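Asker: I need the structure of the sequence given here:
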Amino acid sequence: MVTPRFVFTEYPNSFSVHIKNLEDLSVEQIQEIQAFVSNRKGIFDFSTYTFVIQKRLNFESFCSLLEHLGMQATSQENIIETEFEERVGFGKYKGLSYRDIPEHYLLWLQRNYHGSQKEYIDAEIKRRKL
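Answerer: Numbering: from 1, shown residues only. Got it, this is the predicted structure:
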C-alpha cells in the first residue's frame, strides 16, 4: 500500500495540506483522509489535491495528530514568506491580508471575482504557487 505524502503549509488562521500522491492512494485511504477533513469542518479540493482546515495548528501538532489517529503518512513542511500585505476589501475575510485567507477561498476568488483587487488575488496565487 502506498503511503500518503503530505505537504503542510501553515497560515495565521488555518493550514492547508497538499497530497502529492493522491492519485496513487487507494479508495480506503482517500476516504480516511476525507473523514479526517470532514471531522474538522475542513474542505477537500480534489482539483488541487489539497485540503484546508480553519484551525491554528503548527506542523509538529499536525504530525502528532496523524500519529495519534494512527494515520500512516509522510509529511513535510512548506514555509512561506510573509511579505505580501494587501488587505481584502470586501466579503467574509474583509480586513485580512491576502496571505491570511484560506487557499480554497483564494482559488474561489480567482474564478469568481472580477473587481479592482483582482491583481492582488492573482499575485497571491502566484506567490503560493497554486
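Asker: where are the low-confidence patches of this protein?
Answerer: 81-84 (pLDDT under 70).
Asker: try it again at 80.
Answerer: 11-13, 80-85 (pLDDT under 80).
Asker: buried residues in the top helix by length along it, which are they?
Answerer: In the chain, taking DSSP state H as the definition, the longest helix is helix 27-39. Neighbour counts over helix 27-39 (16 or more other C-beta atoms under 10 Å) mark 29-30, 32-33, 36-37 as buried. Heads up, the C-betas are built off the backbone N, CA and C, glycines and all.
Asker: nearest to residue 61, of those residues?
Answerer: Residue 61 has its nearest neighbour among these in residue 36, at 14.0 Å by C-beta to C-beta.
Asker: helices of this structure, residue ranges please.
Answerer: For the chain, applying DSSP H gives helices covering 27-39, 59-69, 103-112, 118-128.
Asker: report the angle between the last one and helix 103-112.
Answerer: Yep, that's helix 118-128 we're talking about. 140 degrees (axes from the mean of the first three to the mean of the last three C-alpha atoms, to 10 degrees).
Asker: put the alpha carbons of helix 118-128 into PDB.
Answerer: Output of helix 118-128 as PDB, limited to C-alpha atoms (Å, rounded to 0.1, in the frame of the first residue of the first chain):
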ATOM      1  CA  LYS A 118      -8.100  41.000  -8.900                       C
ATOM      2  CA  GLU A 119      -4.400  41.800  -9.300                       C
ATOM      3  CA  TYR A 120      -3.800  41.100  -5.600                       C
ATOM      4  CA  ILE A 121      -5.600  37.800  -5.800                       C
ATOM      5  CA  ASP A 122      -3.500  36.800  -8.800                       C
ATOM      6  CA  ALA A 123      -0.300  37.900  -7.100                       C
ATOM      7  CA  GLU A 124      -1.100  35.800  -4.000                       C
ATOM      8  CA  ILE A 125      -1.900  32.700  -6.000                       C
ATOM      9  CA  LYS A 126       1.400  33.100  -7.900                       C
ATOM     10  CA  ARG A 127       3.200  33.600  -4.600                       C
ATOM     11  CA  ARG A 128       1.700  30.400  -3.200                       C
END
